[in-house]
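Visitor: The following block contains a protein sequence and its predicted model.
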Amino acid sequence: MSSLSRPMVGTLAIALLAAILLLDLARSGAPDLFSAPAAIALGSGAAPEGAHCSGQ
Amino acid sequence: MFLRRASVLLIALGMTGFTFLMAGPRAGLLVLVGIGFGLVLEGLRFGFAGPWRMIVTERDGRGLIAQLIAIALVAVVAFPLLAASPGELAPAHAPVGIAMILGAFVFGMAMQLVMGCGSGTLVNAGSGNLVGLIALAGFIGGSFAGTLHLGWWTGLGALPVFSLQGIAGAQGGLVLTLLGLAAVGGIALSRSAPGKRLPPKRLWIAAALIAALALANLVIAGQPWGIVYGLGLWGAKLAEAGGADLAQTAFWAAEGNATRLSASILTDVTSLTNIGLLIGAFAVMRWRAEPGAPAQALTWASYGAVLLAALVLGYSARLAFGCNVGAFFSGISTGSVHGWVWLVAAFAGSTLGIRLRPLLLRPAPARGVYA
């Protein structure tokens, strides 16, 4: 384990992220661009829809 | 060097562009905000768990003071914004309860064992720290597991949601928040040794940048910066891919969560900033001429302890309604009383975690040099 360099471990982290994204895209499909929210929530007139850690 | 840096830019801009094209401009902007968080946290060495340890062990309050400055800067802008646009922007308010307090205490303890908090785990993993990568895997699993039992834990008893805006109005709530931050800062200053009180220029800049990014997060996403929900969602996605039927669970059967579980990760705001944060930290590490020595190798038992502690870290963050970012940073800066209670409970846990750390994390026996 001690031979793992920082670039190698960082690349593994990026690979883990990529694997999760690819798995998710394969299972959930691509997002529907036509239902994408406005670029900026402030001024959009729409209520925030995102989930937050503080939510139940 | 050129090729390495070009590849770093390609990953960062490529992910931003990919998200923009796949999920729209808001998603692309949030990945950019996340990358900004990663660049600042890793590039300027602005952290949460480390300064909480330093104030106890080294009587060095500079990092903690910088955190308080960043929170105050966000609060000064966020309170009026939230008051002016309640239909478009949401604060990070949550109820204080038995499980919330217990969760925050355990989170504080565990974050000292894995050497990183919510954001720190992502930063450490992205910047090539093996403990951070193991902790990230554990955090994903733990925060997902926490969702499975959240109803039982919150059933132990919780107060209604209290906010400082609700108690004293928007302006009064802001004044109370700033007074509270000043009081904590005063305690930190009195605890710190001479020469270890005022943050250096690097941390002032970092605090201002983190505050600006947190406000950008609020304005773009409509909600404050968070970490835990996204990682729990990743865990749920992996569990479903492994055959789990989450429709039978109360948390993931709830309308909003079920929608997010079935939709792409690229539509979840905390996932987007988490992705960006990890890439930003990776970019800083790869951009440097010298990426730094690997983290000191630990014994296999210690790596196991890190994984276990990270599971507990993620689980407890779910019970506590957030980690250092969602509860402490975003909660306090948007007026949540639970953010203040979280601070007290997590700091007490952190102090215990500091004592446990040398017992659980042991360097691997020397075989030549620790690489």
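Guide: Nice, I can see it.
Visitor: how about B:Ser163, phi and psi?
Guide: phi -130, psi 160 (degrees, to the nearest 10).
Visitor: Against chain A, how distant is the nearest residue to it once chain neighbours are set aside?
Guide: Closest residue to B:Ser163 apart from its sequence neighbours, by C-beta to C-beta, 6 or more residues apart in numbering or on different chains: B:Gly335 at 4.6 Å. Any C-beta I mention is one placed from the backbone N, CA and C, and that applies to glycine too. Between B:Gly335 and chain A the computed distance is 12 Å (C-beta to the nearest C-beta, to the nearest Å).
Visitor: and B:Gly335, what does it touch?
Guide: B:Ala75, B:Phe79, B:Leu82, B:Pro91, B:His93, B:Ser163, B:Leu164, B:Gln165, B:Gly173, B:Leu174, B:Thr177 (C-beta atoms under 8 Å, 6 or more residues apart in numbering or on different chains).
Visitor: And those, which of them are buried?
Guide: Those of the contacts of B:Gly335 that meet the buried threshold are B:Ala75, B:Phe79, B:Leu82, B:Pro91, B:His93, B:Ser163, B:Leu164, B:Gln165, B:Gly173, B:Leu174, B:Thr177, by 16 or more other C-beta atoms under 10 Å in any protein chain shown.
Visitor: what's the most distant pair in these?
Guide: Distance extremes for these: the farthest pair is B:His93 and B:Leu174 at 14.8 Å, using C-beta to C-beta.
Visitor: quick one on the thing from earlier: how about the contacts of B:Gly335 in CSV, adding pLDDT?
Guide: Shown next, in CSV, are the contacts of B:Gly335 (pLDDT from 0 to 100):
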residue, pLDDT
B:Ala75, 98
B:Phe79, 98
B:Leu82, 98
B:Pro91, 96
B:His93, 96
B:Ser163, 96
B:Leu164, 97
B:Gln165, 96
B:Gly173, 98
B:Leu174, 98
B:Thr177, 98
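Visitor: What segments of the stretch 1-150 of chain B are helices?
Guide: B:2-23, B:25-43, B:49-57, B:62-84, B:98-113, B:118-126, B:130-154 (DSSP state H, counting those that start in this stretch).
Visitor: Show me what the first one is packed against.
Guide: Other elements packing on helix B:2-23 under the criterion 3 or more C-beta pairs under 8 Å, 6 or more residues apart in numbering or on different chains; DSSP states H and E are helix B:25-43, helix B:269-287.
Visitor: and those helices, which is most packed in?
Guide: Stretch with highest mean neighbour count among the helices and strands packed on helix B:2-23: helix B:269-287 (a mean of 27; mean count of other C-beta atoms under 10 Å in any protein chain shown).
Visitor: is it possible to export the helices and strands packed on helix B:2-23 to CSV including mean pLDDT and distance to B:Ala305?
Guide: Below are those laid out as CSV (pLDDT from 0 to 100; distance: least, C-beta to C-beta, whole Å):
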stretch, mean pLDDT, distance to B:Ala305
helix B:25-43, 98, 25
helix B:269-287, 97, 23
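Visitor: Looking at these, which is nearest to B:Gly353?
Guide: Short answer: helix B:25-43, nearest of the helices and strands packed on helix B:2-23 by C-beta to C-beta, at 20.3 Å.
Visitor: Of the helices of the stretch 1-150 of chain B, flag the one that's most buried.
Guide: Taking mean count of other C-beta under 10 Å, helix B:118-126 is the most buried of the helices of the stretch 1-150 of chain B, at a mean of 30.
Visitor: Now it: average pLDDT?
Guide: Average pLDDT, helix B:118-126: 95.
Visitor: Chain A: helices as residue ranges?
Guide: A:6-28 (DSSP state H).
Visitor: Nearest the geometric middle of chain A, what residue?
Guide: A:Leu21 (7.3 Å; C-alpha atoms, centre = their mean).
Visitor: so what pLDDT did it get?
Guide: 96.
Visitor: who are the neighbours in contact with the closest residue to it other than its chain neighbours?
Guide: In this structure, A:Leu21 finds its nearest non-sequential neighbour in B:Ile265, 6.4 Å apart by C-beta to C-beta, 6+ apart. Going by C-beta under 8 Å, 6+ apart, B:Ile265 touches A:Ile20, A:Leu21, A:Asp24, A:Ser28, B:Gly230, B:Leu233, B:Trp234, B:Lys237, B:Ser271, B:Ile275.
Visitor: so can I have a markdown table of the residues you listed showing distance to B:Leu246?
Guide: Shown next, in a markdown table, are those (distance: C-beta to C-beta, whole Å):
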| residue | distance to B:Leu246 |
| --- | --- |
| A:Ile20 | 16 |
| A:Leu21 | 19 |
| A:Asp24 | 14 |
| A:Ser28 | 13 |
| B:Gly230 | 16 |
| B:Leu233 | 11 |
| B:Trp234 | 13 |
| B:Lys237 | 9 |
| B:Ser271 | 17 |
| B:Ile275 | 22 |
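Visitor: picking that back up, need the helices and strands packed on helix B:2-23 in a markdown table (columns: distance to B:Ile134).
Guide: Shown next, in a markdown table, are the helices and strands packed on helix B:2-23 (distance: least, C-beta to C-beta, whole Å):
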| stretch | distance to B:Ile134 |
| --- | --- |
| helix B:25-43 | 18 |
| helix B:269-287 | 14 |
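Visitor: I'd like to know how many residues surround B:Leu198.
Guide: 13 (other C-beta atoms under 10 Å in any protein chain shown).
Visitor: Three-state assignment for it, please.
Guide: Classification of B:Leu198 by DSSP: H, G, I helix; E, B strand; the rest coil places it in coil.
Visitor: Backbone dihedrals for it, please?
Guide: phi -90, psi 130.
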